[in-house]
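Visitor: how would this look folded up:
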Amino acid sequence: MAIPASNGKTVLVTGIGGYIAGVLGHLLLTKGYSLRGTTRKAASVEPLLKGAYGPYADRVKIFEVPDMTVDGAFDEAAKGSPSPISASESHVNKYFQALMGSSTRIAFVTSSVVAIIDAKEDPEYTYTESDWALGALAQAEKDREAGVTTPSGRLYAASKTAADQTMWRFRDLHKPSFALTTINPSVVIGPPENLASHPSKLNETLAPLFSILSGAATSIPPNIGSGSFVDVRDVVYEHVWAYENAAKADGQRYIACEGFGPAQAIADILRYAYRGTSLAERISVGVPGEGYLGFDAETGDVGGVRFLPGTIRVDGSKAAREMGFKYISFKQSVLDTAKALEPLL
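Guide: Numbering: from 1, shown residues only. Sure, this is the predicted structure:
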């Protein structure tokens, strides 16, 4: 494959060794961008540099940022990078302060739908970009004041919500010359660019799928959160579209969500795809078709996975509509992810 010529533009991606950031960096490189990436430990991104990023070595520069809490932590990496993308929301104020006065056109925070999903009385409520997880944030504050340990799931939602809101407060207070946007993905699967060296090192969204594929899961794992899903390739597409359409993306939140992606459907899809092999025999059966629509009981195949009536759902249609793309289906994403993880079997 021919390597595209440089387009003369540079993008900064923080946390480049992460799952989403690694895929994002590769997409940017294939589109001709030069890439600056930050990481806590430079050694952690060596597999990326020797693998997917190898053909683009002359357009990649890695900056080690051991402590993001230090004032000026991002200053050096941000120099000459007109288009930063934060693949993590940590320490957003320090991150954006480093960009003030630079030639930055647009900056992002990759947040999460947990900053959107809050308890609702309506069992069929559809969450959109106008929603906020204010309940989780308020409860975490109460727990802190009372000296009580907040459950990890609620604390995660609270931290994501706080960081998301911090970005918008920064925008209102400082009125930066660059555009600001958040991308809020649901549970992310899809082929990684930086494959873990061992199954134990897979991230929290890929690990359940691998446990089903490998047979390590003797029963169907619980869904993560609401069970909503998106492919990592669509998440990074949204980032790049927003960069290339900064004026339209400025001030916007975009949910990245194709639809429903329950663990039972993962098992059903994989068991059918690998039918006739010893691998299929190891995949937990559970209750085929339980908890979702789209299972064909006669063939054992899975079509389009859909939410059952009476369940909450997350709406990612705004991004698809405004950005002009079609989400990768859950079934295709599961199959592509499984193929990418096969070397770990």
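Visitor: residue contacts, residue 198?
Guide: residue 344 (CB atoms under 8 Å, 6 or more residues apart in numbering). Just so you know, the C-beta spots here come from the backbone N, C-alpha and C atoms, and that holds for glycine as well.
Visitor: Quick check: it vs residue 42, distance?
Guide: When CB to CB, to the nearest Å is the yardstick, residue 198 and residue 42 sit 21 Å from each other.
Visitor: Mind listing what's buried along stretch 338-345?
Guide: Taking 16 or more other CB atoms under 10 Å as the neighbour-count basis, stretch 338-345 is seen to contain the buried residues 338, 340-341, 344.
Visitor: and which of those residues is nearest to residue 100?
Guide: residue 340 (39.2 Å; CB to CB).
Visitor: Please identify the helix or strand for the closest one.
Guide: Element membership of residue 340 [criterion: DSSP states H and E] is helix 330-341.
Visitor: Who are the contact partners of residue 34?
Guide: For residue 34, the contacting residues are 6, 8-11, 59-61, by CB under 8 Å, 6+ apart.
Visitor: Could you report the pLDDT at the closest residue to residue 213 other than its chain neighbours?
Guide: Nearest in space to residue 213, with sequence neighbours left out and distances taken as CB to CB, 6 or more residues apart in numbering, is residue 338 at 5.2 Å. At residue 338, the predicted lDDT confidence score is 99.
Visitor: Residue numbering should commence at 507 henceforth.
Guide: In the new count, where the first residue is 507, that last one comes out as residue 844.
Visitor: Output the contacts of residue 540 in JSON lines, with secondary structure, distance to residue 817 and neighbour count appended to each entry.
Guide: Compiled in JSON lines, those are given as follows (DSSP: H, G, I helix; E, B strand; the rest coil; distance: CB to CB, whole Å; neighbours: other CB atoms under 10 Å):
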{"residue": "512", "secondary structure": "coil", "distance to residue 817": "47", "neighbour count": "14"}
{"residue": "514", "secondary structure": "coil", "distance to residue 817": "48", "neighbour count": "8"}
{"residue": "515", "secondary structure": "coil", "distance to residue 817": "43", "neighbour count": "16"}
{"residue": "516", "secondary structure": "strand", "distance to residue 817": "44", "neighbour count": "20"}
{"residue": "517", "secondary structure": "strand", "distance to residue 817": "38", "neighbour count": "24"}
{"residue": "565", "secondary structure": "helix", "distance to residue 817": "45", "neighbour count": "19"}
{"residue": "566", "secondary structure": "strand", "distance to residue 817": "43", "neighbour count": "19"}
{"residue": "567", "secondary structure": "strand", "distance to residue 817": "46", "neighbour count": "15"}
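Visitor: these two touch, right, residue 680 and residue 606?
Guide: Yes - when contacts are counted by CB atoms under 8 Å, residue 680 is listed as touching residue 606 (6.8 Å).
Visitor: Any regions of this structure where pLDDT drops low?
Guide: Counting by pLDDT under 70, the low-confidence segments of the chain come to 507, 572-601, 607-608.
Visitor: show me where it has helices.
Guide: In the chain, helices defined by DSSP state H lie at 525-536, 552-556, 581-584, 598-603, 640-652, 658-680, 713-720, 738-750, 752-755, 769-779, 784-788, 823-829, 836-847, listed in chain order.
Visitor: can the ones you listed go into CSV with extra columns for distance to residue 618?
Guide: As requested, the helices of the chain are exported to CSV (distance: least, CB to CB, whole Å):
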stretch, distance to residue 618
helix 525-536, 10
helix 552-556, 23
helix 581-584, 23
helix 598-603, 14
helix 640-652, 11
helix 658-680, 5
helix 713-720, 17
helix 738-750, 11
helix 752-755, 18
helix 769-779, 19
helix 784-788, 32
helix 823-829, 14
helix 836-847, 18
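Visitor: right, and those - which one's nearest residue 699?
Guide: With CB to CB, the closest approach to residue 699 among the helices of the chain belongs to helix 525-536: 4.3 Å.
Visitor: Which secondary structure elements does that closest one sit against?
Guide: Contact partners of helix 525-536 among helices and strands, from 3 or more CB pairs under 8 Å, 6 or more residues apart in numbering; DSSP states H and E: strand 516-520, strand 540-545, helix 738-750.
Visitor: can those go into CSV with extra columns for distance to residue 694?
Guide: Formatted as CSV, the entries for those read as follows, by distance: least, CB to CB, whole Å:
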stretch, distance to residue 694
strand 516-520, 16
strand 540-545, 19
helix 738-750, 5
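Visitor: closest to residue 661 out of those?
Guide: Across these, residue 661 has its closest neighbour in strand 516-520 (21.7 Å, CB to CB).
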